[in-house]
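>>> Quick one, what's the 3D model for this:
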Amino acid sequence: MSELPLFLLNTVLFPGGRLQLRVFEKRYMDMVSGCMKNGQPFGVCLIRAGLEVGQAAQPHPFGTAGHIVAWDMNQPGILNIVVRGGRCFRVERTYVRPDQLLVGEVEFQPEEPTATLPIAHDDLGELLARILEQLGEQYYFPPVQLADAGWVAHRLTELLPLPSDLKQQVLEQPRAEQKLDLLTAAIAAAGVDAS
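Next up is the predicted model:
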C-alpha cells in the first residue's frame with residue numbers, strides 16, 4: 001500500500017497520457033511543489049461527486065499516477081504543469097488534510113501487458129492516426145505506437161469527445177482489447193463511422 005496526494009479533476013488521465021494543468025489553489029500548489037521537490041508522483045482521479053475547487057470532492061476509486069515532466073509560472077500565483085500518466089492504482093482509503101487536500105492509500109495495479117492491435121480494431125488505429133495528424137504532438141508524447149493496442153485505446157479515449165464516465169470505464173478495464181471493444185461500441189452508438 002502506498003500513500004498518494006490526490007488531484008481530483010473532471011478528466012481522466014491514462015498511462016502514457018499527456019495532461020496540461022493550471023494550478024492555482026494553495027493545496028495543489030503545495031502538493032505540486034512537494035512532488036517536484038521529492039521527485040514523486042501524485043494521483044489523478046475523476047471526480048465522482050463535488051467540484052474541482054473548494055471542499056475536497058469524492059473521487060472515483062481508480063486513478064492514474066501523474067508524473068510532472070515540465071512546469072512554468074508565467075503569471076504570479078498560477079503554475080502551469082505538464083503531467084505524464086504512469087501506473088494505475090485503486091484507492092483503498094482516503095483522508096482529508098486540514099487544507100482540503102485529499103490523500104489516498106492506494107494499491108498500484110499490475111502493468112498492463114503489451115498487446116498488438118487486433119485486426120478487428122484496425123479501424124480504430126486508422127482513426128487515431130488521422131486525429132494525431134491533425135492535432136500535432138502537443139496532445140501526446142511521441143513516439144506514435146499505432147501497433148500497440150493499449151496505446152491506441154488510451155490515446156483515442158483521451159482525444160475523442162466522450163463522456164467522462166465512459167473514459168473512466170475504459171481506464172478500469174484490465175486488458176487493451178476490452179478497452180477497444182468499449183470504444184467501438186461507443187463510436188457505433190454515436191453513429192460515427194470510424195473507417
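
>>> Okay, now the sheet partners of the lowest-mean-pLDDT helix or strand in the chain, with direction.
Here the helix or strand of the chain ranked lowest by mean pLDDT, DSSP states H and E is strand 58-59, holding a mean of 90. Strand pairing for strand 58-59, determined by DSSP bridges: strand 42-49 (antiparallel).

>>> how about stretch 77-90: buried residues?
Within stretch 77-90, the residues that count as buried by 16 or more other CB atoms under 10 Å are L79, I81, V82, V83, R84, G85, G86, C88, F89. C-betas here are computed from N, CA, C, even on glycine.

>>> which one in those is the model shakiest on?
Sorting the buried residues of stretch 77-90 by pLDDT puts L79 at the bottom of the list (90).

>>> can I assume it is in contact with W71?
Yes: applying CB atoms under 8 Å, one finds L79 in contact with W71, separated by 6.2 Å.

>>> got any residues that touch both of these two?
Taking CB atoms under 8 Å, 6 or more residues apart in numbering as the contact definition, L79 and W71 share the neighbouring residues V32.

>>> so what are the domain limits for this protein?
2-108, 119-189 (automatic domain parsing).

>>> The longest one: how far from the chain's middle?
In this case it means domain 2-108. Between the mean C-alpha location of domain 2-108 and the chain-wide mean there is a distance of 10 Å, by CA atoms, centre = their mean, to the nearest Å.

>>> Would you mark the buried spots in the host helix or strand of T184?
When elements are assigned from DSSP states H and E, T184 belongs to helix 176-189. Residues of helix 176-189 classed as buried: A176, E177, K179, L180, D181, L182, L183, A186, I187 (neighbour count, 16+ other CB under 10 Å).

>>> got it, and stretch 126-136?
Buried residues in stretch 126-136, defined by neighbour count with 16+ other CB under 10 Å: L127, L128, L132.

>>> Out of the residues you listed, the closest to F24 would be?
Within those, proximity to F24 (CB to CB) peaks at L132, which comes in at 30.4 Å.

>>> and the residue in the chain sticking out farthest from the centre, how far is that from G17?
Outermost residue of the chain with respect to the C-alpha centroid, by CA atoms, centre = their mean, is P76; its distance is 26.9 Å. Taking CB to CB, to the nearest Å as the measure, P76 falls 29 Å from G17.

>>> swap in P110?
With distances defined as CB to CB, the gap from P110 to G17 amounts to 18 Å.

>>> And for I131?
When CB to CB is applied, the distance between I131 and G17 equals 14 Å.

>>> sorry, back to before: give the rounded mean pLDDT of the helix holding T184.
Mean per-residue pLDDT for helix 176-189: 92.

>>> Return the distance of it from the chain's centre.
Centroid separation for helix 176-189 versus its chain: 18 Å, with CA atoms, centre = their mean.

>>> Would you enumerate the residues in contact with I78?
By CB under 8 Å, 6+ apart, the neighbours of I78 are R22, V23, F24.
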